[in-house]
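**Q** attaching a predicted model along with its sequence, questions to come.
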Amino acid sequence: GDLDSLQRRPPVVTIMGHVDHGKTTLLDSIRKTKVAQGEAGGITQHIGAYHVDVNHNGNQEQVVFLDTPGHEAFTAMRARGTRVTDIAILVVAADDGVQPQTIEAISHAKAAEVPIVVAINKVDKEGAQPDRVKQELTEYGLVPEEWGGDTIMVPVSAITGDNLDTLLDMILLVSEVEDLYANPDRSARGTVIEAHLDKAKGPVATLLIQNGTLQVGDILVAGSSLGKVRAMVDDRAQRVQVASPSFAVEVLGLADVPAAGDEFEVFPDEKQARAVSSAKADEQRQSRLLAAMSSRRV
Ligand code: GTP
Ligand code: NA
Ligand code: MG
């Protein structure tokens with residue numbers, strides 16, 4: 001049965017935090033030290049999501065990072081009542097402390113019931129005050145473990161690479177107590193991370209696989225867009241034939257461009273897919289109409 005087929009899947013992690021606190025630098029630094037290790041050309045393509053291999057307690061494990069503006073991803077998943085990410089990394093600059101978007105990120109993560117790991121960044125800087133950051137965070141219900149709370153806070157430097165291994169280790173520690181299972185033996189479903197229209201390739205969508213395995217040739221509906229997977233590219237710009245749970249791939253073959261946050265699902269045949277696609281299109285038209293009507297009423 002379906003339960004027998006459940007297997008552990010890698011955690012999907014989103015990086016959030018105030019502007020200029022170092023989210024992109026932190027991601028780049030993790031990517032450079034971790035992803036570039038095993039490959040010749042390094043990162044050649046950006047697909048808005050990528051995975052890194054981490055040695056954790058002697059096992060080779062994987063972590064998938066979503067490189068989307070965190071708030072968009074959280075807003076989309078809140079609207080749908082589902083979780084796209086398993087863990088939120090809250091980046092707070094040690095020389096700047098808690099700022100408006102830090103507070104916003106905390107409330108987004110709490111509303112979505114996503115566990116938070118705090119990365120106190122820029123500890124290499126002269127004005128760094130990691131303890132002050134911890135103190136400020138307690139006002140928002142995040143109390144560090146070393147002060148008797150249950151929030152993991154790791155002082156890091158995205159520039160020097162200091163403690164990034166500890167941060168990755170902590171992410172895996174938190175993921176161990178989450179129920180991160182999926183069935184790779186069923187047809188795929190998941191969420192559109194981003195999508196755009198490419199002049200040469202047509203609609204291009206980055207899909208996060210949340211359950212099942214996506215394969216070239218699969219017939220799917222993403223949002224209301226019908227398609228057949230023509231080609232898939234992973235975060236290392238490699239063509240792949242299959243994509244398993246928690247992984248994200250760029251997919252060609254959709255008829256239209258779906259929206260970020262839309263769900264996608266694979267169907268056994270085109271007839272079923274077509275029926276779902278047109279039902280979804282009707283639904284979208286209706287909700288647009290309702291939105292227009294209610295905005296006119298005020
Ligand atoms: P937005 O995407 O604009 O919100 O910013 P961000 O959070 O992605 O920050 P970004 O990575 O762009 O870093 C902002 C600045 O801080 C850049 O000049 C980085 O070089 C610098 N910076 C990031 N991390 C560190 C760090 O650990 N130490 C020091 N000294 N500087 C850092
Ligand atoms: Na920046
Ligand atoms: Mg950035």
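**A** Cool, the structure landed. Numbers count the residues shown, from 1 in each chain. Ligands and ions are numbered 1, 2, ... in the order given.

**Q** thought residue 93 was touching residue 122?
**A** Yes. The pair residue 93 / residue 122 is scored as a contact, 4.7 Å apart, by C-beta atoms under 8 Å. C-betas here are computed from N, CA, C, even on glycine.

**Q** pull up the overlap in contacts between those two.
**A** Common contact partners of residue 93 and residue 122 (C-beta atoms under 8 Å, 6 or more residues apart in numbering): 21-22.

**Q** distance between the helix or strand where residue 291 lies and the chain's centre?
**A** Using DSSP states H and E, residue 291 maps to helix 270-297. Averaging C-alpha positions (C-alpha atoms, centre = their mean, to the nearest Å) puts helix 270-297 27 Å from its chain's average.

**Q** swap in stretch 228-240?
**A** On C-alpha atoms, centre = their mean, the centre of stretch 228-240 falls 18 Å from the chain's centre.

**Q** what's the average pLDDT for that stretch?
**A** Per-region confidence: stretch 228-240 scores 92 on mean pLDDT.

**Q** report the buried residues of it.
**A** For stretch 228-240, a neighbour-count test (16 or more other C-beta atoms under 10 Å) marks 229, 232-236, 240 as buried.

**Q** could you list the contact residues of the stretch 101-250 of the chain toward ligand 1?
**A** Within reach of ligand 1 by C-beta under 6 Å from any ligand atom, the stretch 101-250 of the chain has these residues: 121-122, 124-125, 157-159.

**Q** got the contact list for the nearest residue to residue 234 once chain neighbours are set aside?
**A** Using C-beta to C-beta, 6 or more residues apart in numbering and skipping the chain neighbours, the partner closest in space to residue 234 is residue 240 (5.0 Å). Residues in contact with residue 240 (C-beta under 8 Å, 6+ apart) are 232-234, 249.

**Q** gap between residue 240 and ligand 3?
**A** Separation of residue 240 from ligand 3 (C-beta to the ion, to the nearest Å): 27 Å.

**Q** do residue 236 as well
**A** Distance of residue 236 to ligand 3, computed by C-beta to the ion: 21 Å.

**Q** residue 55 too?
**A** Using C-beta to the ion, residue 55 is found at 27 Å from ligand 3.

**Q** ok, what's across the strand from the residue nearest to residue 234?
**A** In this entry, residue 240 is beta-bridged to residue 232, by DSSP bridges.
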